[in-house]
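J.: One predicted model, sequence on top.
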Amino acid sequence: MRKLVLTVIALLSLASVSYAQTSGKIATVWKCAGGTPMNPLPVGDAADHIYGVQQTKCTAVSGELAGLKQTEGVPTEFVEATGASSKGHGIFVETMSNGDKIVYSYDFTGTSKNKMMDTGSNKFTVTSGTGRFKGMTGGGTCKAKGNPDGSAEFTCSGTYSLAK
């Protein structure tokens, strides 16, 4: 009987370790450089209404998923701006410390001051992954704050599940 109890405890322990490795919370802080120069195209309906595409590079200040450190990411986004307000969508390709990648799609809104990002927010969804993250699902939100040097800091939270 004692052997059976120990076996059940061992199996329950493995199940909870397995669960912890296949799902979890997203809690990441990203620091993103100012975007590459965007060549804004005027829409023509108002003096301050533009469309543009931009890409930048981000470094994880903190965060890990499934026991791996988040290291860097590259967001590429389509921006529509009218005056100090912007909105758009993009793809964020993240590289983990072991080289695996996670791809997210996101929609964002933001405000600018002196032609630099002031505040923003986005909603993201995991769309694909490689290696350990193949078949991953998840999503969440980020809050952004612009810095005087043109960079921005994003504080992101959400949940994820890995394929079994």
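T.: Thanks, I have the structure now.
J.: C-alpha from now on. contacts and neighbour counts both.
T.: OK.
J.: Show the low-confidence segments of the protein, by residue range.
T.: Along the chain, segments meeting pLDDT under 70 span 1-21, 35.
J.: can you give me the strands for it?
T.: Here the chain has its strands, by DSSP state E, at 23-32, 41-42, 49-55, 58-62, 64-65, 68-82, 85-96, 101-113, 116-129, 137-146, 152-161.
J.: can you list the ones you listed in CSV and add mean neighbour count?
T.: Formatted as CSV, the strands of the chain follow (neighbours: other CA atoms under 10 Å):
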stretch, mean neighbour count
strand 23-32, 19
strand 41-42, 14
strand 49-55, 18
strand 58-62, 19
strand 64-65, 18
strand 68-82, 19
strand 85-96, 20
strand 101-113, 19
strand 116-129, 20
strand 137-146, 19
strand 152-161, 19
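J.: Count the residues that sit near the spatially closest residue to residue 113 that is not a sequence neighbour.
T.: Nearest non-adjacent residue to residue 113, counting by CA to CA, 6 or more residues apart in numbering: residue 84, 6.6 Å away. Using other CA atoms under 10 Å, residue 84 has 16 neighbouring residues.
J.: just residue 36 next, same as before
T.: Using other CA under 10 Å, residue 36 has 12 other residues around it.
J.: Pretty sure it sits against residue 54.
T.: Yes. Residue 36 lies in contact with residue 54 (CA atoms under 8 Å); the separation is 6.0 Å.
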